[in-house]
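S.K.: quick one, fold the following:
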Amino acid sequence: MGRKWKVLFLYTANSSRSQMAQGFLRSLAGNKYDAQSAGISPSILNPLAVRVMQEIGIDISKQNSKSVEVCLKEKFDYIITVCENARETCPNFPGGANKSYWSFEDPANSSGDEDEKMKGFRKVRDQIAEKIRGFIKIAPEPPSRGR
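M.R.: Alright, predicted model coming up:
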């Protein structure tokens with residue numbers, strides 16, 4: 001097989017939505033994609049995101065929150081923002097990356113007790129899973145050799 005498509009998921013804090021998207025793409029189609037995530041203002045990986053992904057058998061606990069700055073010299077085939085703020089502040093990347101804007105609620109803003117917060121994270125997790133499955137279906141096969 002040739003090279004993998006390089007996909008970057010951007011989120012302001014790189015703490016939940018982009019991390020979940022990265023985990024899903026690696027789990028569902030890691031043989032075709034090099035999935036990464038980064039944040040405009042990175043923080044830490046949200047433990048509730050880790051928990052809801054573990055519920056469905058995807059371990060994102062070893063992923064790290066990183067700044068988009070470390071990715072600026074890389075060439076990506078797809079850049080996907082998963083929140084409005086990242087869309088508005090997304091820096092320019094080299095090359096002709098395909099850009100997509102997926103807007104999901106921030107599950108970290110879920111209110112209530114831990115069970116209510118987990119429901120919010122599950123809802124967003126399931127929306128991201130659906131979007132990733134659709135992306136995999138429509139994205140072309142990776143090239144057999146470099147572009």
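S.K.: which residues in the protein form helices?
M.R.: With DSSP state H, the ranges of helices along the chain come out as 17-29, 47-55, 84-89, 114-138.
S.K.: worst mean pLDDT among the ones you listed?
M.R.: When these are compared by mean pLDDT, helix 84-89 comes last with a mean of 62.
S.K.: could I get the helices of the chain as a markdown table with mean neighbour count and distance to Ala97?
M.R.: C-beta: built from backbone N, CA, C; applies to glycine. Listed next are the helices of the chain as a markdown table, based on neighbours: other Cβ atoms under 10 Å; distance: least, Cβ to Cβ, whole Å:
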| stretch | mean neighbour count | distance to Ala97 |
| --- | --- | --- |
| helix 17-29 | 25 | 15 |
| helix 47-55 | 18 | 25 |
| helix 84-89 | 16 | 14 |
| helix 114-138 | 16 | 14 |
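S.K.: could I get those as JSON lines with distance to Lys75?
M.R.: Formatted as JSON lines, the helices of the chain follow (distance: least, Cβ to Cβ, whole Å):
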{"stretch": "helix 17-29", "distance to Lys75": "18"}
{"stretch": "helix 47-55", "distance to Lys75": "28"}
{"stretch": "helix 84-89", "distance to Lys75": "19"}
{"stretch": "helix 114-138", "distance to Lys75": "19"}
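S.K.: indicate which one of those helices is closest to Ser37.
M.R.: Nearest of the helices of the chain to Ser37, taken as Cβ to Cβ: helix 17-29 at 3.8 Å.
S.K.: got the angle between the closest one and helix 114-138?
M.R.: Angle of helix 17-29 versus helix 114-138, following axes from the mean of the first three to the mean of the last three Cα atoms, to 10 degrees, is 50 degrees.
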